[in-house]
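1. After the sequence you'll find the predicted model.
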Amino acid sequence: MNFLKRIHALVRKEFQTLLSTKSGWVLLVMPVILQTALFPFAATLEVKNASLAVFNEDDGRASVELMQRFAASGAFTEIVPVWNGAELDDAIGKRDALLAVHIPADFSRRIIDGETSPVQVVLDGRRSNSSQIAFGYLQSVLDVYLKERAAAAGKALPSELVVRNWFVPNLEYTHFILPSLVAIITTIGSLIVTALSVSREREQGTFEQLLVSPLTPEMIMIGKAVPAVGVGFFQATLILIAAVFIYHVEFQGNLLLLYGGMLFYALALVGVGLFISSVSKTQQQAFLGAFVFMVPAILLSGYTAPVENMPVWLQHLTWLNPVRHFVEIVKGVFLKDASVWRVWTLVWPLMIISFSTLSAAAVMFRRKSA
Amino acid sequence: MGYCPGWLHKRTPWHAWKGAILKFLSWRRLRALCWKETLQIFRDPSSILIAFFMPILMLFIFGYGINLDSARLRIGLWMEDSGAEANGFASALTGSAWLEVHSYDSRAAMERALVDSQIRGFVIVQEDFSRKLKQPGETAPVQLIADGSEPNIAQFVRATVNGVWQTWQMQRAEDRGEEMKREISLEPRYWFNPSAESRNFIIPGSITVIMTVIGAMLTSLVVAREWERGTMEALLASPMTRTELLLSKILPYYGLGMISLMLCVSVAHFVLKVPFRGTMLALWVVGSFFLLSVLGIGLAISTGMRNQFNAAQAALNAAFLPAVMLSGFIYEISSMPVALRAFTHIIPARYFVSSMQTIFQAGSLWKLLLPDILLLMGTTVIFIGLTAKLTKRRME
């Protein structure tokens, strides 16, 4: 009983240091609000509001029709007409346009002659991903146009590719970002709380007081872990609520499965945080240490760019990255209604990671306190 | 004091100017303060970790880990038709260098593989595919299901399968002696980055994030640390002026940041083989004003917060995350809503990303760089000015 009472007292003290000041609260809630408000709009690989430069040397019907269709497609809000090659160069160079289309003077004549009529499209390679996506939009506009021309001429295409997207039919990027954001924000919150809590005590000299109290190093660790897990759960819940009720991303899976995964994830983070804390002397070191862990972990989680695009050796290395597993869990449960079995394949690596980091931290603590 | 040439006698402008400067700072004190700050940087392993180890690590992560160009896409294939035409299409799919095609015992197993993210899409060839294809009036559909939970990959799956399907159609027409010409074709041509590799624009952009970390994260702690440890009181009791305090915090970190910038650019160019077409001068001008802006942000946070824990959190949210999310280095600014686009204008990282991309990919085109440089000067004045305003010469 004594054990629980002591831990309870310690946990209460930890929560108090965390939440006693107004700025403490602000720092727990503000980032969540700010990030859920900004990032779904900011972090998008969709191409919207792009501008298209058009250099049309042809005056036939087909070229005008094609241009009208490009202009009407949602991706391009602005059409920049240019009148010569130099202006076209400038439009791309100065980033006035993401893509530039050049229709040569013999465009209509070639169609009438039954030849394939080429249209040059210049893509801004400095933004190759966006321009590739925008080029894809042009391509699909052209496909529809060609199909209609064929139908008007009384020819049916022999075959047709019908594409459907599962889980997120319209490929809204917000549906992809918000579940990942649950993972990212929890990471920042709970990791920094654990990493800084011990080093702050050490810097302020209160760590010695903890050590001379009847608390064992393990109890101190538990006392530090509980608030961090609490912070993680609290922040994750805030984003989940925002995702479902404000952004209307439908929650497909089982909430219990998500929180189960979250518990092991938070434990893995606490292990990392305590380990960093135990090897650093000052708050600055702890903070920068947490940062050096966090940035690569988030970047290589599959959130910014898919894990499967990485070289194979790096894909294997990301197995050690707890963020990667948790991003998969949240996305899987949230969007795809992942099965218990699937979540289990992602949870057991988290168990191994948390077990090893927590024991490493415990060893470091015992050595420090002895 | 000191030597003064004859023509600079007594009340010359130079004297007036020198006198005015000396009211704000003494070179000797400034040197001493800078030296103290430099020693503090080099004695702390964590700042060395951030200034030299972190940039290299990040460059390699951005160079190898952040790749938006899909390599080989894993898709499933479900054949309901075993006719020759259907098999021809299937072998076109399996033969593609961009696709890794898996087959499954049941359709349910294939769908489960999609839910479990083992494949990113699947193609279904229906049972009457070969028959419909032969009938002149009918259209034989090919169904493609893509994993919408990964929008970027779903786009690539669609484009790749579409490409295979079109080539197959053309090949088939050719084999049958028919002509199947598209009336119009789009011919893409890349400027600045002919191979269209995403790393060539991501790596220059990522240097922005690295510089933000050095500029804002390191400095966000330095003034707060002095307040927390009480050494600020000792400094304030000395004859040090506000300008000296500010400069002593800026100059050493500016030096550190510029060394890291050179390190980053060298690694990016010589190790990661990103083409560098610009000049050192352009890099130095753009880099300096950006670095001074982020130093200003870091110091303003530090001075305003006076508490390391809070300053660290604030720097993360006010400097680091915007540099990743709102600078346009991965996510296109023009695709953001109007309000957010307006907000990105006060983020110095935005201007640095665009000029770094220009310097690396296009060269030192001053016509393109000048607006960015002027705006970076503007953010420098704003953020350093803010710090100066927050810096007080008194304890409260």
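-> Thanks, I have the structure now. Residues are numbered from 1 along each chain as shown, chains lettered A, B, ... in the order given.
2. How about the host helix or strand of B:I382 and chain A, touching?
-> According to DSSP states H and E, B:I382 maps onto helix B:366-390. Yes. Part of helix B:366-390 sits close enough to chain A to count as contact by CB under 8 Å from any CB of the partner chain, namely B:L368. Just so you know, the C-beta spots here come from the backbone N, C-alpha and C atoms, and that holds for glycine as well.
3. Report the buried residues of that helix.
-> Buried positions in helix B:366-390, judged by neighbour count with 16 or more other CB atoms under 10 Å in any protein chain shown: B:368-369, B:372-373, B:375-380, B:383-384, B:386-388, B:390.
4. now do stretch A:92-104
-> Under the neighbour-count criterion of 16+ other CB under 10 Å, stretch A:92-104 has A:I92, A:G93, A:R95, A:A97, A:L98, A:L99, A:A100, A:V101, A:H102, A:I103, A:P104 buried.
5. out of these, who's near chain B?
-> Filtering the buried residues of stretch A:92-104 for proximity to chain B by CB under 8 Å from any CB leaves A:I92, A:G93, A:R95, A:L98.
6. what about the third one, distance to B:L283?
-> Remark: distance between A:R95 and B:L283 (CB to CB, to the nearest Å) = 20 Å.
7. Tell me what B:P188 is bridged to.
-> Judged by DSSP bridges, the bridge partners of B:P188 are A:V121.
8. do the same with A:F76
-> According to DSSP bridges, the residues that bridge with A:F76 are A:A50.
9. Compute the number of surrounding residues for it.
-> Other residues lying near A:F76 total 24 when counted by other CB atoms under 10 Å in any protein chain shown.
10. That one touches A:S51, doesn't it?
-> Yes. A contact is recorded between A:F76 and A:S51 when judged using CB atoms under 8 Å, the distance being 6.5 Å.
11. show me what contacts A:N84?
-> A:F55 (CB atoms under 8 Å, 6 or more residues apart in numbering or on different chains).
12. Now the phi/psi pair for it, please.
-> A:N84 has phi and psi values of phi -150, psi 170 when expressed as degrees, to the nearest 10.
13. Now do the helices in the stretch 201-350 of chain A.
-> In the stretch 201-350 of chain A, the helices defined using DSSP state H, counting those that start in this stretch lie at A:206-212, A:217-241, A:255-279, A:283-299, A:312-317, A:322-336, A:340-369.
14. what helices or strands is the last one leaning on?
-> Helices and strands in packing contact with helix A:340-369 are listed as helix A:217-241, helix A:255-279, helix A:322-336; criterion 3 or more CB pairs under 8 Å, 6 or more residues apart in numbering or on different chains; DSSP states H and E.
15. Tell me the buried residues in it?
-> Applying a neighbour-count criterion of 16+ other CB under 10 Å, the buried positions in helix A:340-369 are A:342-343, A:346-347, A:349-350, A:353-354, A:357-358, A:360-362, A:364-365, A:369.
16. now, among those, which is nearest to chain B?
-> A:R342 (5.0 Å; CB to the nearest CB).
17. Nearest spatial neighbour of that closest one, chain-adjacent residues omitted?
-> Leaving aside its chain neighbours, A:R342 sits nearest to B:D116 (5.0 Å; criterion: CB to CB, 6 or more residues apart in numbering or on different chains).
18. cool, and B:Y190?
-> Skipping the residues right next to it in sequence, B:Y190 comes nearest to A:G125 by CB to CB, 6+ apart, at 4.1 Å.
19. Quick check: the farthest pair among the ones next to chain B among the buried residues of stretch A:92-104?
-> Within these, A:G93 and A:L98 form the most distant pair, 12.3 Å apart (CB to CB).
20. For the residue nearest the centre of chain A, give me the backbone phi and psi.
-> Centroid-nearest residue in chain A: A:Y303, 3.6 Å away (criterion: CA atoms, centre = their mean). Geometry field for A:Y303 lists phi and psi as phi -90, psi -50, criterion degrees, to the nearest 10.
21. my guess is it meets A:I184, correct?
-> Yes. With contacts counted by CB under 8 Å, A:Y303 reaches A:I184, the gap being 6.4 Å.
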